[in-house]
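*Asks:* structure for this input, please:
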Amino acid sequence: MAPRRFSPLGPALALACAALGSLLWSAPAPAAQEAFVRVDQVGYGAQAQKRAYLMSSFDETGAPFTVLHEGGTVAFAGTVGQAAGSWSKAFPFVYPLDFDGVSATGSYTVAVGGAAPASSPPFEIAAPAALYDPALANALSFYENERDGPAYIPSPLRSAPAHLNDASAGVYSTPKAKAGGGFKGDLHSLGGTVDASGGWWDAGDYLKFVETTSYTLDVMLAGVRDFPAQMGGAAPASRDFTGEARFGLEWLLRMFDAETGTLYYQVGIGEGNRTTAGDHDIWRLPQADDSFGGEDPTYRYIRRRPVFRAGAPGAPVSPNLAGRDAAAFGLCFQVFHASDPAFADRCLRAGERIFDLADTSHRGKLLTVIPFGFYPEREWRDDLELGATELGLALSSGATLPAGLTHTDPDFYLGRAGSWAREYVKHSKRNSDTLNLYDVSGLAHYELVRALRADGSLAGLAIDEAGLLASLRGELQAAQAQGGKDPFGFGFPWAAADTASHGDGLAVMAAEYGQLTGEATFSSDGPRWLANVLGANAWGASMVIGDGTVFPHCPQHQVANLAGSLDGSSPVLAGAVVEGPSDEASSGELEGMRPCPGGGGDPLAGFDGSGSVFADEVESFTTVEPAIDLTASSMLAFAWQSGGPAPLP
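*Replies:* Prediction:
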C-alpha cells in the first residue's frame, strides 16, 4: 500500500514500548540484553493455540523453556526448536515457542534458558470474552474521545466541546493542492453554509473526512448488527457501539444533501500557505480553535473551518465515496429500523440517492481528501459492491420500507453487487490487499455471500458464491505466503504502511472465511496475525493503546499529548490503533508539543529490522498516529474472538 498522511506536521502517536512486562516505559537496550520473548499481551483463549516468539542474538536451538504460572509453578516445559528465520543483524534468530496444552486460566510468563536467558511480560490465559471484551470497551472509549462538536463526552482527556463554528461552515470548491497539502492563493467560496458539526476527528489532528468516517461506520455497524452481545444493544453500556454509530451516522447524513444530491466530503485544511494556517501547523486542544488567534487573518480557516463540496448538486459522485456511504446508510436501516424507523428511513433514502449518483465510468484519481496523497485510495469497485449489498440486505430485512424509494426489490441491488464483485476480481492485482481503508472487499465478499444464501431466488448473478470465496481465499493465501517469509509469521509486510490495521483486517477475514466454508484453512493464521498486532512482534509492543502491558505511551495525538500522560499511566487514549511499523519514521516539532520520550532518542530503534522501523517518538506520525479507520477493523477482530461466529441469516 502507498504511504498515508505525508504532512511532516500531522499529529501522531509515538509508541513507547517496554520489555519484561513493565507498565511504565523502561525499554532495555539490546546491548544490555541479547534475547527477548514476545507474546500476545492481551492473552490467549483457554482452548486456543498459543505461540510466543524468542528473538535472540545467539543460536538457542535446544535451549529449555518453561511456561510459568503465577507463583512459579511450571505449567509446561519444552525445548527451543529450529529458528523460523532472521529478523536483523542484532537478532539473527527468531524461534516460535508453542504451548497449546496450557489451558488453565491465570497469569503466566514464558522463560527461556540457554546462552541468553529471557522472560516474557506476564499474560493471561482465560475465556475469550474475558480477554477481548475489555479491548472492545477501550475501542469504544477511543471513538468517544474523538468526538467533535457540542455532543462531546467528558472524560479525563476531554473537558470541553470543540469546533462549534462548524454548525455554520462556509462551502468551498476543491483547490489544487500540492502533494503535501498546501495550495496557492486563497480558497474559492461557493457561498452558503452547511451544518458540519459533530462527527469524529480523523486522527491525531482535527480534520473530518467522509472517506474515513464512512469506512469506519461500515465496519462498526456490521459489528453492532452481527455481534449484539459484544458490540450491540445486548452488550453492557461500556461496549455498546449503537449510540456511537448513530453519532457518526448523523454527521455523515449532514455531509450529504439527499434532496439536492450534493456531497460535502471534508471539513478543514491540513496544510496552510503563506497567508493562512492549516490544522497541521499548530499544536493545541480542540476547544481553542473557535477563537484561535483572535482576529488574525492567518488563522481564519482554523476559526471558521471550510467545508469542501465534491461537485455541483446532482453531479456524479466519486464511486468510492458513493459506495461506502451507501453501505453505511444501508446498514443504518438494518440496525435502526426497529428502534427508530424515521431515522432508518432517512438513511435508506440517502443510501439509494447517493448510490444512484455514483460515477460508474470513473477514470483518473478518486476523490478522497485534500490532498489525494493523504489517503491515496485507488480501488473503488469493492466500495460499490459493498454499497449495493447493504442496500439489498436493507430491502430484504422484512422491515416496513419508507415511501418514495427508487427501488424496493433487493435483487436490483444484489445483481449490481454481483457485477461490481466480478469487476473487482477482474481488476484486482495478485490478491494484493486485504480488509482496510483502501480495500473493503474483505467485508463486501462476506456480506454478499450471506445475502446470496438468504436469497435463494436470485439467479444469473455475474459472480457466484464459489467466485467470491475464491477471491477471499486468494487474499488470505497471499497473506499466508507473506507470513512464511517473516520469522514472526505476520501476513503483511512490516516495511509498508498501516501494518496494524492490516493485521486486524486479516484476522477478520480469516474468521469470515472459516464461518462461510466450515474449513480450518486459516484458523491458526487469523489469531496469530492478531497476536502480531498485540505484542508478538520484534518490538514487543501492542499497537493498541491500553491493550496489553506494553503499549504506546508518547502520543503525537494532540489531545492525548496535551491532556494525557506520557508514561502509560492513566489517562491514555485507550483503544486507539496506531499506524504500526513502516519503512520510515517522520519528524516535525511544533510549539507547545510536550516532548516524548522525555530523554529523547528512539528507545525502540535497536529492535528495527527487515527494512522496517517503529519509532517511539511524538513526531513520528508514519509509525504511530492513531486514526478512526485504523481502529475500525480491531473492533470486528475482537468481536470475532470474543463471541465466536456471528449467526448467518
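*Asks:* wait, residue 565 touches residue 571, no?
*Replies:* Yes. Residue 565 is within contact range of residue 571, at 6.3 Å (criterion: CB atoms under 8 Å). In this view, the C-beta of every residue, glycine as well, is placed from N, C-alpha and C.
*Asks:* next SSE downstream of the least confident helix or strand in the chain by mean pLDDT?
*Replies:* Scoring the helices and strands of the chain by mean pLDDT, DSSP states H and E places helix 621-624 at the bottom, with a mean of 86. Downstream of helix 621-624, the next assigned helix or strand under DSSP states H and E is helix 628-643.
*Asks:* quick revisit: got the CA coordinates for the least confident helix or strand of the chain in PDB?
*Replies:* Extracted C-alpha coordinates of helix 621-624, given in PDB (Å, rounded to 0.1, in the frame of the first residue of the first chain):
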ATOM      1  CA  PHE A 621       3.200  10.000  12.500                       C
ATOM      2  CA  THR A 622       4.300   7.500   9.900                       C
ATOM      3  CA  THR A 623       4.600   4.800  12.600                       C
ATOM      4  CA  VAL A 624       2.400   5.800  15.500                       C
END
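*Asks:* give me the distance from that helix to the chain's centre.
*Replies:* How far helix 621-624 lies from its chain's middle: 14 Å, per CA atoms, centre = their mean, to the nearest Å.
*Asks:* also stretch 296-308?
*Replies:* Centroid separation for stretch 296-308 versus its chain: 29 Å, with CA atoms, centre = their mean.
*Asks:* what mean pLDDT does it have?
*Replies:* Regarding stretch 296-308, the rounded mean pLDDT is 97.
*Asks:* how long is that stretch end to end?
*Replies:* 23 Å (CA to CA, to the nearest Å).
*Asks:* same deal with stretch 520-538?
*Replies:* Stretch 520-538 has its terminal residues 27 Å apart, counting by CA to CA.
*Asks:* equivalent analysis for stretch 55-75, please.
*Replies:* Terminal residues of stretch 55-75 are spaced 22 Å apart (CA to CA).
*Asks:* and what of stretch 515-531?
*Replies:* Using CA to CA, one end of stretch 515-531 lies 20 Å from the other.
*Asks:* and the average pLDDT for that stretch is what?
*Replies:* pLDDT averaged over stretch 515-531 gives 96.
*Asks:* what comes into contact with it?
*Replies:* The contact list for stretch 515-531 (CB atoms under 8 Å, 6 or more residues apart in numbering) reads 39-40, 48-49, 51, 446, 449-450, 469, 472-473, 476, 479-480, 483, 489-492, 503-504, 506-511, 513-514, 536, 637, 641, 645-646, 648.
*Asks:* and with 7 Å instead?
*Replies:* Residues outside stretch 515-531 that contact it (CB atoms under 7 Å, 6 or more residues apart in numbering): 40, 48-49, 51, 446, 449, 469, 476, 480, 483, 489-491, 503-504, 506-507, 510-511, 513-514, 637, 641, 645.
*Asks:* list the buried residues of it.
*Replies:* 515-516, 522, 525-531 (16 or more other CB atoms under 10 Å).
*Asks:* then stretch 616-634?
*Replies:* 616-634.
*Asks:* who's in contact with residue 595?
*Replies:* Residues near residue 595 by CB under 7 Å, 6+ apart: residue 618.
*Asks:* got a pLDDT number for it?
*Replies:* 91.
*Asks:* how near is it to residue 205?
*Replies:* From residue 595 across to residue 205, the span is 19 Å (CB to CB, to the nearest Å).
*Asks:* cool, residue 96 as well?
*Replies:* Per CB to CB, residue 96 is found 39 Å from residue 205.
*Asks:* neighbour count winner among these two?
*Replies:* residue 205 (25 against 18; other CB atoms under 10 Å).
*Asks:* what's the local residue count around residue 177?
*Replies:* By the criterion of other CB under 10 Å, residue 177 has 20 neighbours.
*Asks:* run through the bridge partners of it.
*Replies:* residue 183 (DSSP bridges).
*Asks:* quick check: the gap between it and residue 371.
*Replies:* Taking CB to CB as the measure, residue 177 falls 4 Å from residue 371.
*Asks:* now for the nearest residue to residue 490 once chain neighbours are set aside, how many residues are close by?
*Replies:* Leaving aside its sequence neighbours, residue 490 sits nearest to residue 532 (CB to CB, 6 or more residues apart in numbering; 4.5 Å). Residue crowding around residue 532 was assessed by other CB under 10 Å; the count is 30.
*Asks:* ditto for residue 359
*Replies:* Neighbours around residue 359, by other CB under 10 Å: 18.
*Asks:* dihedrals phi and psi, the nearest residue to it once chain neighbours are set aside?
*Replies:* Excluding the flanking residues, the one nearest residue 359 by CB to CB, 6+ apart is residue 316, at 3.7 Å. When read as degrees, to the nearest 10, the backbone of residue 316 gives phi -60, psi 140.
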